[in-house]
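J.: sequence isn't available, so here's the structure alone:
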């Protein structure tokens, strides 16, 4: 059974701080990795994807991938209350099907 | 780019009726679309993978005769919940696969909230 694990949270950070969200996956053959944000009652929206080891930055977001450790993370710099949401880690194991983690709830307090 | 729409955004129906949900990729063609279901405070559950011009592939435990999927064009997939019952009440979300960003990526529609009375 292919698994994607996330801490359910909530992860609470003050406004302006760095939020660090983590994800581990079980299938060593996984090819690409995605972070989605889901507000309560809404559908997921793509934040970014990564498929090479190392860091990938997009604005306030940085995705980090370590395939040897089977670990992917998302850093959110200068966190804002509007970042409060559930963050879903998803792993593409081939044929474009994604396996989702259960998500980490992030709460950013003003 | 990579915008996906769903219609309707919410629907209330009586038990025993059928409900059709449409998923459209607005600015790209999608040979593959996916249908998910999400119950309150639970994670996304993949129901089926829909490929244009062929039969859908259903996940284990999903009744293909109850959840009919048609992907008749490169921009439209439909999910029909037949003989709906209260336990089918859920948030149904589609996604469409796009290679626009350089990697096959799923873009989600806004979802359809189904309530069966």
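T.: Perfect, I can see it now. Note that the structure is predicted; figures quoted are calculated from it, not measured.

J.: chain neighbours aside, what residue packs nearest to residue A:9?
T.: residue A:105 (4.1 Å; Cβ to Cβ, 6 or more residues apart in numbering or on different chains). To be clear about C-beta, it is placed using only N, CA and C from the backbone, and glycine gets the same treatment.

J.: near chain A at all, stretch B:48-55?
T.: Yes - under the criterion of Cβ under 8 Å from any Cβ of the partner chain, stretch B:48-55 makes contact with chain A via residue B:49.

J.: can you pull the contacts of residue 82?
T.: If you meant another chain, say so; for now it's chain A. For residue A:82, the contact set (Cβ atoms under 8 Å, 6 or more residues apart in numbering or on different chains) comprises residue A:108.

J.: oops, wrong one, chain B.
T.: Contacts of residue B:82 (Cβ under 8 Å, 6+ apart): B:18, B:65, B:66, B:67, B:68.

J.: now do the nearest residue in space to residue A:97 that is not next to it in sequence, the pLDDT please.
T.: Excluding the flanking residues, the one nearest residue A:97 by Cβ to Cβ, 6+ apart is residue B:49, at 6.5 Å. As predicted, residue B:49 sits at a pLDDT of 93.

J.: hmm, residue B:56 and residue B:49 touching each other?
T.: Yes - between residue B:49 and residue B:56 there is a contact under Cβ atoms under 8 Å: 6.4 Å.

J.: thanks again, I'm all set now.
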